[in-house]
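quick one: sequence plus predicted model below, questions after.
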Amino acid sequence: MFQSNKTRWLPVSVSYFFNRVLGLSSEPSGGRPRGRGKILVSLSLAAMLLMAIVAARGQQIPFLTFLSNGLYFLNPNGASQTYNANGGGIDLTGPFFQSMGTNGRSCGSCHQPSDGMSLSAANAGLKFLLTQGNDPIFRSVDGSNCNHNIDVSTLSGREAAYSLLRTRGLFRIAIALPANANYQVVSVSNPYGCNELGVISM
């Protein structure tokens, strides 16, 4: 981990977010909607949608390189904030958000500020939708329901192979049974095909 983060989940409504947090209001004034407030709200929503789409594609917005502490992220239950104890925010150009391996992932691929430094099922599903299952998080090493007897060459194949990740936000970690284990695995019934006795999928 390159950054120390804490996330606060706040039960705030969308109207509260715009009225109090952004200092905007789309409520009628004197029986008529506030045109300026409606325009600013629309622009804010458009900007947030753009950020969500770009983030889901695993790309970086050129002009957005730093997230200040206290920035709100809307979610179905209200909004959340991510707080970094070092540096006053999150540096999106740091090593945490850089791909350092061979599979195209960075730490930030699966640990996103908008999801409390985790990955929600909704965000995983959006990534799949926008990239047709080609985002770096969709890799058979741990992103697929099973790592063999799967077809990831077609969209329908990827939908089936990554169904747990794209609908539940679940990764599969395959761990070999220790040679000195004081227990035995005598039977495995895995609906996704990983039925080996010597490997436990978690």
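Structure's in. What do you need? Residues are numbered from 1 along each chain as shown.

shaky segments in the protein?
Applying pLDDT under 70 to the chain flags the ranges 1-63.

which stretches of it form helices?
Secondary structure of the chain (DSSP state H): helices at 14-16, 35-56, 107-110, 121-131, 155-161, 163-168.

report the buried residues of the fourth one.
Of the residues in helix 121-131, 122-128, 130-131 count as buried by neighbour count, 16 or more other Cβ atoms under 10 Å. For every residue, glycine as well, the C-beta is placed using N, CA and C.

for those residues, work out which two are farthest apart.
Checked with Cβ to Cβ, those reach their widest spread between 122 and 131, with 15.1 Å between them.

could you give the number of residues near the residue nearest to residue 186 when sequence neighbours are not counted?
When the adjacent residues along the chain are set aside, residue 186 lies closest to residue 197, with 7.3 Å between them (Cβ to Cβ, 6 or more residues apart in numbering). For residue 197, the count of nearby residues is 11 (other Cβ atoms under 10 Å).

right, and residue 197 touches residue 190 too?
No - contact between residue 197 and residue 190 fails when scored by Cβ atoms under 8 Å: they sit 11.1 Å apart.

how long is stretch 85-105 from one end to the other?
Stretch 85-105 stretches 25 Å from its first residue to its last (Cα to Cα, to the nearest Å).

ignore the last one, stretch 83-95
Between the start and the finish of stretch 83-95 there is a gap of 18 Å, counting by Cα to Cα.

buried stuff in it?
83-84, 89-92, 94.

do the same with stretch 190-202
Using 16+ other Cβ under 10 Å as the burial criterion, the residues of stretch 190-202 that qualify are 192, 194, 196, 200-201.

widest-spaced pair of those?
Based on Cβ to Cβ, the longest span within the buried residues of stretch 190-202 runs between 192 and 200 and measures 13.6 Å.

how about the strands in the protein?
Listed from the start of the chain, the chain has strands (DSSP state E) covering 5-10, 28-29, 32-33, 66-68, 72-75, 78-84, 89-91, 174-176, 199-201.

list the buried residues in the fourth one.
By neighbour count on 16+ other Cβ under 10 Å, the buried set for strand 66-68 is residue 67.
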